[in-house]
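J.: Sequence below, structure please.
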Amino acid sequence: MLRAAFLHLVSGATIGALMLAGKGIAGLAGALALLTVHQEQMLVGWMVQFALGVGFWIFPRLPGRARDEHSRSAALAACLLNAGVVAACAGDVASSPWLTAAGRAAELAAVLLFLGIVWPRVRPYGLTA
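T.: Prediction:
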């Protein structure tokens, strides 16, 4: 999740730089249309995904088989989140509200799945089992 978050950071910052350059360079004026893509990548792709990745890393691991199941579920949540960002960006570019809505639904499903993974790992300090 952290590596994918950094990829979204680089991509979103590049789009932001193109949009900024588009204000001064006539040939790049069309880059301003990518504002929603820039926002999606920076907010959800970078910030939300980075927070979820750090959360998965920082909370105590469950022992045994539950640990493996949570790792697989976290990978699914990461795939859902990234697919949602890509779909929402594509929907914004293609002016397809259905594709954008599907992307947002995938992002929401990813966050809810992630909460289901992390919730059993939240314990008071000092409690081991």
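J.: Tell me which residue of the chain is furthest from the middle?
T.: Distance from the C-alpha centroid of the chain peaks at residue 26, with 32.2 Å (Cα atoms, centre = their mean).
J.: In contact with it, which residues are there?
T.: By Cβ atoms under 8 Å, 6 or more residues apart in numbering, the contact list for residue 26 is empty. Heads up, the C-betas are built off the backbone N, CA and C, glycines and all.
J.: Assign a three-state SS to residue 5, would you?
T.: Here residue 5 takes the helix state, with states given by DSSP: H, G, I helix; E, B strand; the rest coil.
J.: Verify the stated contact: it with residue 46.
T.: Yes. With contact defined as Cβ atoms under 8 Å, residue 5 reaches residue 46; the gap is 5.4 Å.
J.: gap between residue 87 and residue 27?
T.: As for residue 87, its distance to residue 27 is 29 Å (criterion: Cβ to Cβ, to the nearest Å).
J.: Tell me where the longest helix sits in the protein.
T.: Of all the segments of type helix in the chain, defined by DSSP state H, the longest one is helix 65-94.
J.: In that one, which of the residues would be classed as buried?
T.: For helix 65-94, the neighbour count (16 or more other Cβ atoms under 10 Å) marks 70, 74, 77-78, 80-89, 91-92 as buried.
J.: how near is the residue farthest from the centre of the chain to residue 37?
T.: Where residue 37 is concerned, residue 26 sits at a distance of 21 Å (Cβ to Cβ).
J.: and what of residue 68?
T.: In terms of Cβ to Cβ, residue 68 sits 36 Å off from residue 37.
J.: What of residue 22?
T.: Residue 22 is 13 Å from residue 37, by Cβ to Cβ.
J.: if you count what's nearby, which of those two comes out ahead?
T.: Comparing residue 22 with residue 37 by other Cβ atoms under 10 Å, the one with more neighbours is residue 37, at 22 against 17.
J.: need the contact list for the more buried one.
T.: Listed by Cβ under 8 Å, 6+ apart, the contact partners of residue 37 are 15, 89, 92, 93.
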